[in-house]
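# Next input, structure requested:
(chains A and B)
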2 protein chains.
Amino acid sequence: MHIHHIAIAVRDLDTALAFYRDALGAEVAERREVPTEGVEIAFLPLGTSEIELLEPLDPDNSIGRFLEHRGEGIHHLCLLVDNVERTIARLEAQGARMATPVRVQEDGTRYAFIHPKSAQGVLIELYEKPAQ
Amino acid sequence: MHIHHIAIAVRDLDTALAFYRDALGAEVAERREVPTEGVEIAFLPLGTSEIELLEPLDPDNSIGRFLEHRGEGIHHLCLLVDNVERTIARLEAQGARMATPVRVQEDGTRYAFIHPKSAQGVLIELYEKPAQ
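Got it, this is the predicted structure:
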């Protein structure tokens, strides 16, 4: 298990990149819109993890509402796991609660979010890469 | 540059470990009180990064006040850098603001915090290991 990424909700990607890329010195590996999730994302790899900057495409989606209620900041922490379903079974056996069911992307990636009430206020994404 | 750790402020370390260690399955490498910082810390390595769980020893210190105002959650993100002073010089040249001066631990570790207003709401620690 390792930290796959840290997602930061931002109001404006260009302003955020002026800090994370130009001032801090992280490199942008990719920047693209993800219409199915309603965000534009910039990926900045840092060692075996990365920072993901998320700008909402719609103020009424989940990232837009997060910004309105909480302001800019860390939105979630994503952990790469070997097997999402097995991890969830162990979590639920210990009384933890999931925020979402497991979803599967077109490339076979599987992911689900743990409820922050079960994780000391942190929204944690579990992420499993497809078998090669 | 990589993500050295993610620090999570928690009310009670044992309760937090019931989730992060027992349910999620992360291992605890070390647990100790750091009286100079007013916290008890548990370190849970994950790949090249780690999760640090911080319980305040005093409700009036900075972690205690964070919990009172914001509740449990991610407190800061720490980035390992080659040279803290050089990183700060680049940040300040781009208009970013520091929250603290550089501090030096007994082992020669150097660290400083960037103000969250300059970093899209994220409190970022810059951390430099002593030369070997």
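# show me the contacts for the residue in chain A sticking out farthest from the centre.
For chain A, the largest distance from the centre (C-alpha atoms, centre = their mean) belongs to A:Ala93, which lies 24.4 Å off. A:Ala93 makes contacts with B:Ala23, as judged by C-beta atoms under 8 Å, 6 or more residues apart in numbering or on different chains. C-beta: built from backbone N, CA, C; applies to glycine.
# Need the pLDDT of it.
If you check A:Ala93, the pLDDT there is 96.
# partners of A:Tyr127 in the sheet?
Beta-bridge partners for A:Tyr127, by DSSP bridges, are A:Leu80, A:Tyr111.
# That one reaches A:Asp82, doesn't it?
No: A:Tyr127 lies out of contact with A:Asp82 (C-beta atoms under 8 Å); the separation is 10.8 Å.
# So for these two, which sits in the more crowded spot?
A:Tyr127 (17 against 9; other C-beta atoms under 10 Å in any protein chain shown).
# Now do the same contact list for that one.
Here A:Tyr127 is in contact with A:4, A:78-81, A:84, A:109-111 (criterion: C-beta under 8 Å, 6+ apart).
# can we see that at 10 Å?
The neighbourhood of A:Tyr127, defined by C-beta atoms under 10 Å, 6 or more residues apart in numbering or on different chains, consists of A:4-5, A:78-81, A:84, A:105, A:109-112.
# next one: A:Leu91
Contacts for A:Leu91 (C-beta under 10 Å, 6+ apart) come out as A:97-98, A:112, A:114-115, A:118-119, A:124, A:126, B:19, B:22-25.
# A:Gln105: what's its closest spatial neighbour, skipping adjacent residues?
A:Tyr111 (7.5 Å; C-beta to C-beta, 6 or more residues apart in numbering or on different chains).
# Can you turn the buried part of the contacts of A:Leu91 into a ChimeraX selection?
Those of those that count as buried under 16 or more other C-beta atoms under 10 Å in any protein chain shown are selected in ChimeraX with:
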select /A:112,114,118,119,124,126 /B:19,23,24,25
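# Which of the contacts of A:Leu91 fall in strands?
In strands, defined here by DSSP state E, the members of these are A:112, A:114, A:124, A:126.
# mind listing the strands for chain A?
Counting by DSSP E, the strands of chain A are A:2-9, A:30-34, A:39-46, A:49-56, A:73-80, A:103-104, A:110-114, A:124-128.
# Show me the two of the ones in strands among the contacts of A:Leu91 that sit farthest apart.
A:Ala112 and A:Ile124 (9.6 Å; C-beta to C-beta).
# Give me the common contacts of these two.
A:91, A:99.
# buried stuff in stretch A:63-76?
Across stretch A:63-76, burial judged by 16+ other C-beta under 10 Å covers A:63-64, A:66-67, A:72-76.
# quick check, nearest of the contacts of A:Leu91 to A:Val34?
Using C-beta to C-beta, the shortest approach to A:Val34 within the contacts of A:Leu91 belongs to A:Ala112, at 17.6 Å.
# if I pick the residue lying closest to the closest one once chain neighbours are set aside, what's in contact with it?
Take A:Ala112 and drop its neighbours on the chain: the residue closest to it by C-beta to C-beta, 6+ apart is A:Val102, 4.5 Å away. The neighbourhood of A:Val102, defined by C-beta under 10 Å, 6+ apart, consists of A:84-85, A:88, A:110-113, A:126, A:128.
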